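*Asks:* Okay, predicted coordinates and the sequence, questions at the end:
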Amino acid sequence: MENGQNDYFVVKAKENGVHVIGLTRGADTRFHHTEKLDKGEVMIAQFTDHTSAVKIRGKAVVMTKYGTIETDA
């Protein structure tokens with residue numbers, strides 16, 4: 001697959017109420033899926049034909065093959 005569609009990422013919540021929001025691929029970017037994680041919960045996800053980006057709200061650790069990122073908010 002092209003465009004990183006085989007790429008997995010991991011989100012670990014550092015607080016209750018972390019939102020992981022999937023954004024669509026294509027000319028019009030829209031929200032298409034939302035998950036809410038509580039402290040300590042882990043979500044493993046993959047980019048797909050429909051998901052081109054992910055927005056994360058809240059304190060979390062995001063792990064990808066490119067490295068680890070901690071959110072500030």
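*Replies:* Cool, got the structure.
*Asks:* what sits against residue 21?
*Replies:* Residues near residue 21 by CB atoms under 8 Å, 6 or more residues apart in numbering: 31, 33, 34, 54, 55, 56, 57. (C-beta placed from N, C-alpha, C; glycine too.)
*Asks:* pLDDT score for the residue nearest to it when sequence neighbours are not counted?
*Replies:* Excluding the flanking residues, the one nearest residue 21 by CB to CB, 6 or more residues apart in numbering is residue 55, at 4.3 Å. Here, the pLDDT recorded for residue 55 equals 91.
*Asks:* One more: the one 10 residues further on?
*Replies:* The predicted structure scores residue 65 at 93 on the pLDDT scale.
*Asks:* residues near it, how many?
*Replies:* 8 (other CB atoms under 10 Å).
*Asks:* ok, it to residue 42 distance?
*Replies:* 17 Å (CB to CB, to the nearest Å).
*Asks:* and if you look at residue 56?
*Replies:* Distance of residue 56 to residue 42, given as CB to CB: 13 Å.
*Asks:* what helix or strand is the one residue sitting closest to the centre of the chain on?
*Replies:* Centroid check for the chain by CA atoms, centre = their mean gives residue 54 as the closest residue, at 4.3 Å. Here residue 54, judged by DSSP states H and E, is contained in strand 51-57.
*Asks:* buried sites along that strand?
*Replies:* Neighbour counts over strand 51-57 (16 or more other CB atoms under 10 Å) mark 51, 52, 54, 56 as buried.
*Asks:* One more: stretch 16-27?
*Replies:* 18, 20, 22, 24, 25.
*Asks:* Show me how far that stretch is from its chain's centre.
*Replies:* Put simply, stretch 16-27 sits 6 Å off its chain's centre (CA atoms, centre = their mean, to the nearest Å).
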